Structure formats: structure tokens, C-alpha cells
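**Q** everything below, folded, please.
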Amino acid sequence: MKFRPEIDGLRAFAVISAVIFHSFPGALSGGYIGVDVFFVISGYLITSILISDLQTEKFSFSEFFGRRVRRIFPSLIFVLAMTNIAAWFLLLPAEYLELGKHTAASAVFIQNFVFWSEAGYFDPAGETKLLLHLWSLAVEEQYYLLWPLALWLVWRKNASILKLMIGVAVFSFILNVAFVSGETEAVFFWPIGRFWELLVGALMAWMSIFRKGPLETHRQKYDQFLAATLFRRLPSLAKAGTYNVSSFVGLSLLFGGVLFLPEDIVYPGMWALIPVMGTAFVIAGGATALLSRVVLSNKLALWFGAVSYPLYLWHWPLLSYGNLANGDRASVEFRVSAVALSVFLAWFTYRFVENPFRFGAHKRLKIQALGLGLMLLGGFGWLNYKFDGLGFRFPESARYYTDTIDFQWWDHVQTNICHLQEPELLVHDDICVQGQGAEGYKVALWGDSHAASLFPGLLALSEQDHFSIFQLTHAACPSLFGVKGVYRKDCPENAEQVLREMLQIKPDLIILHSDWGYDDYHLTVTELGVVLVNTIERLKATFPEAELLIIGPVPRWEVSPQRVSYRNVNRLLDGTASPMQPAIILSEQDAMIERVAADNALGFISAINELCDAQGRCLARVGDQKTDFIAIDYGHFSKAGAEYFVEHIAPTLRLYLK
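**A** Numbers count the residues shown, from 1 in each chain. Presented below is the predicted three-dimensional model:
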């Protein structure tokens, strides 16, 4: 196939957009559309090659997949291997276990399904998943397992390739639009919701091959029209007027998309038409369009286009290692360094790994070696996953403190029974009352997952003080009326359902607790205060006899207590480690909630005052067992942490437990 420089430029646009978005999201809010650009390019190029081979009777499944192996496997194997080698020295067992699962999934190109199955509020942050970006590679390879066979069958039957393309593309697009709001993760990760994007590229290939003559006739007519109107005073542009307009429209859509599409929209859906059609227009404009020559075919764009695949592979693991070490998004300095290192590694991989395997002699031997290499990597990942993150990497004396994840935590908070994690779950189970049952003093716990994490502690206290506790919690939905998040659009409906359930319960005490500083709620401190006052007024009007108690925000851990524990394992072993660690204190939210509680004559407990000192250090360990950390992550109470905290505030709680 003839080299198309503007397509390499499109690759550069796509990868640079993705890298900037992942590294500095505020700088390029719509940078995530880079993946969609890759899909269209891939659909166009591969379909062009397939149809050309079918026309000349040179098509061979073994040749096609051999080319894919030599194109895709070398860089992928190198990045997977280096990521796992670094992880051997850097990751805790629980983190390495997850990487093992994702490595095994990457080796067989099913990681999009794995990430879809993991998607949810309790899942570790995507920023710390070292291979999260490989979902898009899996979608492409799943497409290319099916598409050559479908084209070959249609070609042999002398049926219509166009009808096949349009039919599948329309079906895929309808599914994408119909389910994107209710099943966002499924549409995002599942191939059927993305195939239409590759098929738009395939349609461009079909038109360039089978409609070249008619398209050229129409183009000449449009060129004449444009020369007489739009380009009347620009004769240099009029010579390729249609191409110039097509390129301008396409680049406008692409640059408009990366600059102005919000980060928090429900995607893909209809929004994906912007990058998909933008890419299609640029491809239609070809290499002769002025903007394509200037913007996409310059030396810098061509260089980045050439290294775009290894650059895409490298940038995310490097950024994720920084996020893991930091416990949150890595510093700006680290991210700049990671991007620079990614560019260097991309060039190195392209020059010394990808090209030697992709080109030259001994093709069959290379394919066999690459297949074996990826299989061995996948097997290593599977063993890593099966053997709990290979904890034997650590000295025996330190191993006790590295295996710190509490795998029972989801059971402790009664996930999807009383703590409703999935959006489709709305009504709490009848067994969500613990303690004396409906006859005793009744406490309702309302909030998000932070409230759910408090439940084990309240349950332990209920067994001592003989009261009933009703757990009414939803993932990512605060104990507030009318607040809608990005992750959960149904929070207002959930709040109304909780109110209906409380009307049946008739609680004596209502405890409100949430992640009062959660970014997904998009509330300033002042706005939070207004919504909280409205919520309190409504609860007071509905339950005039009930007591209301608000528990303020808990400390946030920039670096998780577990990882700090590992860093200071020698101090743990000799008994000199402090149970206190530096934390992020949401002092503004805490002070505002305290004022609102005082103004409305409500009870208030400051978790920050109970757990932190004046220097901003907060209690991290609450016992001697390996899982006895105050939190399981950045801020959710562990079972031991919840029991410790509730026992610590029990004297105040008992003032309300009449």
C-alpha cells in the first residue's frame, strides 16, 4: 500500500493527545479521543490491505496474522517484560497480583473484558493499573480475528462487502448509543460498542478502492464550484479544493474535540462521532490538502507517527508507577520526566525492537519466537496471579507486613446486599437490619462507601449497647438530596429511595457520613453547605422525633498506609515505627459541617479531631495484626479501623443512643 504521510500525522495527533490527557488532564480535556482516531486509522489501513490481497488473489490467513504478529508483538512483549521486571522490585504482593492478572489477559488480548469486569467504585483507581491502556489493543485484535474471515467469506460468495460493513457498523453504533448511559463501562470496553469506529475506516477504504472513478468525477465538479466561490481569490487552494475543505473540516473536528470535549461526559455514545468523522474527513482529504501537508506531514509529526505505537505502550506504565508510589496522581515533575522517558523508550523500542522483528529475513522463525515469548509472559502473569503476587520476593521477616490486603472487606461492608455498589441495585435487602431488629432502638446509617466502611464498627457497638442498625448506603452517592455524580447519575433517585426506606423503619437516630470532599460530586465547600442544610431541613421535617448526627470527613492518605508500612518495614520489625502518618486534612469541609450542625442543633463528630494531631499526622495503624490499618486505601475505613474509630467515639455516640 502506498505510504500516506498524513496518516502517520494522524497517528502522531492521536498518541500526543492521549499522552497529554493521561499526564495532564486539565491541559487537554478531550485528549481521550486519541484512541478513536487510532481505531479509524486501523480500520482504513487493514481493510485496504485485505481488499487489495483479495483482489489480487494473494490473501492468506497465515500471511495476514503473521504480519500482525510481527507488527504488534515485539513492542508489546518488550513493554510487558520491562513492566513486570520493574514490578518485581517495586510492587507489593496485592499490586503484583493484579499486574499478573492483567499481564495474562494482555497476552491473549482479552484485557478489555477483564477491565470491564473490574469496573466499579471499589476497584483500585484506574491511574494505578499499569496495563489499563491495553484495553484498546485488545479491541483491535478481537476485531481482526473476525474481520478477515468475514471479508473472505463475503468475497468468496460474491456478496456485497458494502452491505456487510454498513450493517455491522449501524448495529454497533446503535448499541453504543442505546446503552452508553446505563451501561457505560460495558459500551466503553466491549468490542461490539467500538467496531463501528473501525468500520468507518473500513468504509473509507472500500470507497477509495471501488468508487475511485465516481468519486474523482464528483471531486472535479466540487473543485470547480469551490474555485468559483469559496476559493475564488485563493487559486492555490482551488486546485485541490475538495481535499482542502475535507481536511479543514476533519482537523477542525479533531482539534475541537481534544480542546473542548469535557472530561466527564458519558463516552463514547454520540460524542464519538466527532473524532471518528474528523479522522474520516482527514483521510478523505488525502496528502495533497494544504492543512494536512502543514500540520500532519511535517517531519516532527511523521517522527511521532512512526513511534506512536511504542509511545502509547510506554507512557501509561511509567505514569502509573508514579501514581502508585505517590498514592494518588504523581507530581508534575514526575509526570514531565515520565513523558520524556516514554518518548526516548518509544524511539529505542521502534529502532531496536520493533523494526528488526517487523522487517528482514527469517519471518517464520520470528513469528514463532514472538508467539512463544508472549505465551511465556502470559504464563508468568497467570502464575503470579495464582500465587498471590509472589510474596516470597520479600525477606521472610518483612513478608508479614507486605501481605496487607483484607480480601474480606467487601463482605464486611455487605457489598450489593446492604451497600449497593452497582447502579442497577436500588432497594436494600430485608436483612440490612442488624442487632435487635425492629423492636429496639433503631439507628439508620446513610451515605456512600465511606459510610459503608463505618458499618463494621457500628455493628460491633450495637452488640454491646443493644440497638438495631439499618445500613442504607450506595456507592458514590452521598447522604445528600439532589446531588448527582459523574460515576453515579442516579444518586438523587437513590436518596429518595433511602427516604422511603427510612419512613418504613422510623429510625430513632440517623447518622450521615460520606466522602465529603469527593471530586465526583462537583461541590464547592459553600455549595456542600447549602445542600447539607437542605438535606437536614428535609430530614427534620420528615422525622421530627429522630436525632441527627453527622460524622465529618476522614483523613485522606496521599500514600496508602500499607505502602508506607512497607517502606518502613525495618522500623516495624524493631518496634520503632510510629502509628501516625502525614495525611491530607479536609479542614474546610470539616469546619463547615461543624458550623451547619451547630446552627441546626445537630450532633457532630469530627473524625479529623479524633484521629489526627495538630501537625497533620493521623493514626494509620490501630493494632498489631498485618491488616490492622485504619484504612484499606486512600480513605475507606478497614474493619479494624472502623471498630477502633467507633469504640473511640462511643462515649459521644451513647449520648444519642437513648
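
**Q** surely L215 touches M204?
**A** No - between L215 and M204 there is no contact under C-beta atoms under 8 Å: 10.9 Å. No exception for glycine: its C-beta is placed from N, CA and C like everyone else's.

**Q** looking at these two, which is more packed in?
**A** Legend: neighbour count by other C-beta atoms under 10 Å for L215 and M204, higher for M204 (22 against 14).

**Q** the more buried one and D36, how far apart?
**A** In this view, M204 and D36 are 14 Å apart by C-beta to C-beta, to the nearest Å.

**Q** what do you get for Y312?
**A** For Y312, the distance to D36 - C-beta to C-beta - is 13 Å.

**Q** pLDDT weak spots in the stretch 251-400 of the chain?
**A** Scanning the stretch 251-400 of the chain for pLDDT under 70 picks out the ranges 326-328, 397-400.

**Q** all helices for it, in order.
**A** Here the stretch 251-400 of the chain has its helices, by DSSP state H, counting those that start in this stretch, at 273-285, 290-291, 299-306, 308-326, 332-349, 355-358, 363-386, 396-402.

**Q** which one of these lies closest to L234?
**A** The minimum distance between L234 and the helices of the stretch 251-400 of the chain falls on helix 290-291, with 9.7 Å, by C-beta to C-beta.

**Q** name the helices or strands packed onto the closest one?
**A** Packing contacts for helix 290-291, counted by 3 or more C-beta pairs under 8 Å, 6 or more residues apart in numbering; DSSP states H and E, involve helix 241-260.

**Q** what comes into contact with the helix it packs on?
**A** Around helix 241-260, the neighbours that count as contacts under C-beta atoms under 8 Å, 6 or more residues apart in numbering are 6, 13, 17, 21, 28-31, 33-34, 37, 219, 222-223, 225-227, 230-231, 237, 274-275, 277-286, 288-292, 295-296.

**Q** swap in stretch 21-33?
**A** Here stretch 21-33 has contacts from 17-20, 34, 133, 254, 257-263, 267, 272, 274-275, 315-316, 319, 332, 335-336, 338-339, using C-beta under 8 Å, 6+ apart.

**Q** just the terminal-to-terminal distance for that stretch.
**A** End-to-end distance for stretch 21-33: 9 Å, by C-alpha to C-alpha, to the nearest Å.

**Q** in it, what's buried?
**A** Using 16 or more other C-beta atoms under 10 Å as the test for burial, stretch 21-33 gives 21-23, 28-33.

**Q** ok, now stretch 135-151?
**A** Residues of stretch 135-151 classed as buried: 135-144, 147-148, 151 (neighbour count, 16+ other C-beta under 10 Å).

**Q** related to what we said a few turns ago, can I get the helices of the stretch 251-400 of the chain in JSON lines with mean neighbour count?
**A** Listed next are those as JSON lines, based on neighbours: other C-beta atoms under 10 Å:
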{"stretch": "helix 273-285", "mean neighbour count": "24"}
{"stretch": "helix 290-291", "mean neighbour count": "20"}
{"stretch": "helix 299-306", "mean neighbour count": "17"}
{"stretch": "helix 308-326", "mean neighbour count": "23"}
{"stretch": "helix 332-349", "mean neighbour count": "17"}
{"stretch": "helix 355-358", "mean neighbour count": "16"}
{"stretch": "helix 363-386", "mean neighbour count": "16"}
{"stretch": "helix 396-402", "mean neighbour count": "15"}
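
**Q** so which of the ones you listed gets nearest I192?
**A** helix 273-285 (15.7 Å).

**Q** show me what that closest one is in contact with.
**A** Counting by C-beta under 8 Å, 6+ apart, 4, 6-7, 10, 33-34, 36-37, 39-41, 44, 196-197, 200-201, 204, 243-254, 256-257, 261, 291-292, 296 sit against helix 273-285.

**Q** perfect, I'm done here.
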